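Q: Okay, sequence plus prediction incoming.
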Amino acid sequence: MLHAKNKTGLVFFPAFDWAISPTHPEREERLLYTQDQVFEEGILDIDGIVEYKPDIVTIKDVQRVHFCVPDVNSVMTESHFISAGGAKKIGEVVCRKEVDRGFALVRPPGHHAMRVVHGARGFCNVNIEAIMIEYLRTVYPVEKIAIVDTDCHHGDGTQDIYWHDPNTLFISIHQDGRTLYPGSGFINEMGGPNALGTTINIPLPPGTSEEGFLYAIKNIVLPILDEFKPDLIVNSAGQDNHYSDPITNMSFSAQGYADLTSLLKADIAVLEGGYSIEGALPYVNVGIILAMAGIDYSRVKEPDYNMDSIRQSYEITRNIQKTGDAVIENWQQRESMKRQIKMGKQYDVRTRHVFYDTDGIFENQYERIRICQECAGVLQIDSSSDRGRRIFAVHIPIKACHVCKEMGYQWFDSAKVSAFDKIFLQDRVKDEFFEKSRNSQVG
Amino acid sequence: MIIGLDIGGTHTDVVLLGQDGIIKNVKVKTDQEDLFSSVLNALDKITESVSYSDIKRIVFSTTLTTNAIAQNKVSPIGMIVLGGPGLDPNYFKTNRHYFVISGSIDHRGREIESIDNDKILKTKTALELEKIKHIGVVSKFSVRNPSHEIKIRDKLKDSFDKIFLGHEVSGNLNFPRRIATTYLNASIYPLHKHFFEAVKGSLEKKGLKAPIHILKADGGTMNFESSIDFPAQTILSGPAASVMGAIPYAGDNEEVLVLDIGGTTTDMAILINNAPVLAPMGIEIGGYKTLIRALATQSIPLGGDSIVNVINGKITIGPDRMDSAMIYGGKYPTPTDAFSIMQKINNIDNQQAILGLAPIALELGLPIQDIALKIIEQACNEILAKAFEMIDKINSKPVYTVHELKEGHQIKIQKILVLGGPAPYFKEYLEKFSKIPVMVVPKWQVANAIGAALAKTTCEVTLFADTEIGKVTAVEENFSQNIRRDFNKSDAIDIATKLLKEKVVRQGDGSEDFETEILEELQFNMVRGFYSSGKNIRVKVQVKPGLIKGYKI
């Protein structure tokens, strides 16, 4: 009799009636063959694997993370509420200890969605992992969380949301940003001044195969996780590093993904990208589920799998070792680097341009954070888009100190409604959200 | 006139129904060692002074195959299994003669690896040496492309009496369940065939030539001829019989909970608009998870004769039944005794019940009436809790589209129908604690036999079309046809419905009225590169389960 060593929860939500557009990679068909494989393997009958129905997230759940412009309902479709709800459900059953681990096999994905949302970028509207994490932090006793993003694209949205949070370790392993969307995720992107070092980027060269990925996990990710000691590990489990993926250039495999999953031992996995819907996803997803559950996956192989034909070159191996050494060195020196960067400063500012490729929106951001010795620091964002919308947003972090809390309310109160379409305040300490605008004063 | 016959573990119930109602019913003891005589005996009694030529149909519900599986008294068979990428098929080993052979098909039905012919021949020799007569052949994704199973059958058909193929048992995806279902089908085939041929033979000899139908676990029937190839579908038809017998008392468009309260257990099922709710996958029996369609049911070890105890100051009811109730000569207190104390049972001396409940009253320091009420309340609440747990489970069944998740139907019970010995006593209290109207099924003593007699033929058809490959198939029906690129979902529904209508005539008696319904209709655009390469269409249709018309009860 088959039996899961780790009791594993599964939310499967393929959204068979939702697409960005009929021929878009993010379309109805994407998880069809994965469903066929999962059903045919009888995975949902295995003792110790439990399927859950997704929740639907609330507007409040979304507003713990995002500032949506002009409002939540304008940037989300029903499918986004369910996909985030799938992640939330899995997070809940893991935190309630109904299961040891869980996998939200949902679409659409979320890891390119940043804190401010004007529209969709990289097929993502809202960040489903962040919505789950902030919900869990509010309801369950979890503080330190590690997110390991193994999607082929840099998880720039998740990075943005946790850029200033020293309690969230964000590690992204991805194809080098010089060769792939979104063009970021370099080693020197290490987080804001209050959280320097807890953002970690591991760019890998095109053509990286099993050897390279598993090297990065064993020699970079696991040692850092050991030291960080998170209460919860979340895997943003994108599957587009696969050798057959049509929009990336890596050489990873189903066996490799399953091995990676076994090594990482994430509490929660959430599906991100992955667009080789026939040749990769059915096998990769089955491999990940079995690996999470602790069931033998050695026979889960793509029909055309050939280890020799996807083997990485010696140059790639060397390149990854060098990257690893540099990342580890940064990690070890993070405290002194942080001290240096904070020294003598009251505030830090960042100006950015964000392009929403899926919706074709340009955004300009001016961000200001209070340098704080006590907490993650209160944050203000002035954001305007080429659609003519401008907002001012204040974020008070969940463990904010008294000074940062006070300052957040001051910023919000003194912001002039005449200058902005909306003014938002996200108070994570009280778990409250306020907004004001020319038309209405209080939200 | 029609006959319904339900052979239960202890009793066999038979009913003779005419157009105006029940003409006669008979209850005889079941002799488990000799079911054949029990059946003939019961049929002799029910047909006394009836002209055989007036009998239009006979429907059997039996525990024959169920018991054989439970007691592992099944025939040795050979299983040949073809896997492919994924879990090792050895995890799903059903029996001793289980051979895994290479050869595989992928999710769209394309061959990935051809069959290992040498190994097939070696397996054949090994099975022949063991004198195996019947075999099952199952390949992964055979519901998408059954060619491997068919090739192996063609190769081996002269060496074995009967070969069962996985794609014939169900159109659903689930390789381990397909293996188990094929195995059960093959291993009870000789027993089922032998038994029903003997019954049919004896009846014919007497001159009783009415068509024979067999009740299935989904509350529908199939004719004798069809049952020979699919005997596994007769497993666990018993619980379905009573539920079908309750249908005449459920209203149109009503959502009804059916409780069959026995001495030892209470069985539960749901009716929506006069049709039973089916389990999502299939029955589980003897450790096998199968693809055999069945009612969604739940059972709790609590009935009228369950033993009542006090453990750590708390009343417990069941899970065991030791004996009859004390008022009927048993040695242990039961809910039935509690009902007698509440004066709910007419013409009975409740002296023994009072004696039985006295120690409990003493231990808990309460008057005996209060104790009786407590027992009844607890029994009702445990039954109701289990029933609503089942309903919650059905309501929280995962769905895979935004539409279903937002609009998905949620069952809300409007009425409770109870049957079984203690049902009349429970009625008032169940109503009180559930706040839902409760009705005792009239003639509940023979509801199971009535349910069997009146159950319609049920069947389903699963159709799969892939316009890129250019084929539409319904593998269970042995149907495959080339299609053009403009083939669409409505074409698929038309073909599936036509196949279904043929199937219901083939498996039924050809005279029933029936209603077809669409269970699943999905159409996906397949996009390769940036262009549409075809459509992937999945359709499932069924004959709505229910009761045949023309007979009053």
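A: Arrived safely.
Q: Now do the helices in the stretch 1-150 of chain B.
A: All helices of the stretch 1-150 of chain B, identified by DSSP state H, counting those that start in this stretch, fall at B:35-46, B:64-70, B:117-129, B:147-156.
Q: closest one to A:Ile131 among these?
A: A:Ile131 lies closest, by CB to CB, to one member of those: helix B:147-156, at 45.5 Å. The C-beta positions use only the backbone N, C-alpha and C, and glycine is treated the same way.
Q: Near chain A, which residues of the stretch 101-250 of chain B are found?
A: Contact residues, the stretch 101-250 of chain B versus chain A (CB under 8 Å from any CB of the partner chain): B:104, B:106-108, B:112-113, B:140-141, B:172-177.
Q: How about the stretch 401-550 of chain B?
A: Counting by CB under 8 Å from any CB, the stretch 401-550 of chain B comes close to chain A at B:401-403, B:405-406, B:522, B:524-527, B:529-532, B:536.
Q: burial count for A:Pro203?
A: 24 (other CB atoms under 10 Å in any protein chain shown).
Q: Can you tell me who it pairs with across the strands?
A: A:His174 (DSSP bridges).
Q: Pretty sure it sits against A:Leu180.
A: No - the pair A:Pro203 / A:Leu180 is not scored as a contact, 9.4 Å apart, by CB atoms under 8 Å.
Q: what sits in contact with each of the two?
A: A:His154, A:His174 (CB atoms under 8 Å, 6 or more residues apart in numbering or on different chains).
Q: Show me where the stretch 301-443 of chain A has its helices.
A: Under DSSP H, counting those that start in this stretch, the stretch 301-443 of chain A gives helices at A:314-332, A:334-342, A:402-414.
Q: For chain B, find the nearest of these.
A: Of all those, helix A:314-332 sits nearest to chain B, with 26.8 Å by CB to the nearest CB.
Q: List the buried residues in that closest one.
A: Buried positions in helix A:314-332, judged by neighbour count with 16 or more other CB atoms under 10 Å in any protein chain shown: A:Ile316, A:Thr317, A:Asn319, A:Ile320, A:Thr323, A:Gly324, A:Val327, A:Asn330, A:Trp331.
Q: Format those as a markdown table; extra columns: distance to A:Val417 and pLDDT.
A: Below are these laid out as a markdown table (distance: CB to CB, whole Å; pLDDT from 0 to 100):
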| residue | distance to A:Val417 | pLDDT |
| --- | --- | --- |
| A:Ile316 | 54 | 98 |
| A:Thr317 | 57 | 97 |
| A:Asn319 | 52 | 98 |
| A:Ile320 | 51 | 98 |
| A:Thr323 | 48 | 98 |
| A:Gly324 | 50 | 98 |
| A:Val327 | 45 | 98 |
| A:Asn330 | 43 | 98 |
| A:Trp331 | 44 | 98 |
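Q: Farthest pair within those residues?
A: Every pair of the buried residues of helix A:314-332 checked by CB to CB; the farthest is A:Ile316 and A:Trp331, at 22.3 Å.
Q: circling back to that earlier point, mind checking which of the helices of the stretch 301-443 of chain A is nearest B:Lys73?
A: Nearest of the helices of the stretch 301-443 of chain A to B:Lys73, taken as CB to CB: helix A:314-332 at 61.5 Å.
Q: elements contacting the closest one?
A: strand A:199-204, helix A:210-216, helix A:222-228 (3 or more CB pairs under 8 Å, 6 or more residues apart in numbering or on different chains; DSSP states H and E).
Q: does any bit of whichever strand or helix holds A:Val11 sit next to chain B?
A: A:Val11 is part of strand A:3-13, with elements assigned from DSSP states H and E. Yes - residues of strand A:3-13 contacting chain B under CB under 8 Å from any CB: A:Val11, A:Phe12, A:Phe13.
Q: helix/strand/coil for the spatially most central residue of chain B?
A: Most central in chain B under CA atoms, centre = their mean is B:Ala217, positioned 1.7 Å from the mean C-alpha point. Here B:Ala217 is recorded as coil under DSSP: H, G, I helix; E, B strand; the rest coil.
Q: any idea how far it lies from chain A?
A: 18 Å (CB to the nearest CB, to the nearest Å).
Q: For that residue, list the residues it contacts.
A: B:Ala217 sits next to B:Gln233, B:Thr234, B:Ile235, B:Leu236, B:Ser237, B:Pro239, B:Ala240, B:Ile283, B:Ile292, B:Arg293, B:Ala294, B:Leu295 when contact means CB under 8 Å, 6+ apart.
Q: Nearest spatial neighbour of it, chain-adjacent residues omitted?
A: Among residues not flanking B:Ala217 along the chain, B:Ala294 sits closest, at 3.8 Å (CB to CB, 6 or more residues apart in numbering or on different chains).
Q: quick one: B:Ile77 from B:Asp88, how far?
A: 21 Å (CB to CB, to the nearest Å).
Q: In terms of neighbours, single out the busier of these two.
A: B:Ile77 (28 against 15).
Q: I'd guessed that one sits against B:Lys131; true?
A: No - using CB under 8 Å as the test, B:Ile77 is too far from B:Lys131 to be in contact (11.4 Å).
Q: got the buried residues of helix A:314-332 as TSV, with distance to B:Ala453 columns?
A: Listed next are the buried residues of helix A:314-332 as TSV, based on distance: CB to CB, whole Å:
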residue	distance to B:Ala453
A:Ile316	73
A:Thr317	75
A:Asn319	77
A:Ile320	73
A:Thr323	76
A:Gly324	75
A:Val327	75
A:Asn330	79
A:Trp331	76
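Q: circling back: ok, and the most crowded of the residues of the stretch 101-250 of chain B next to chain A?
A: Counting by other CB under 10 Å, top hit in these: B:Lys140 with 30 neighbours.
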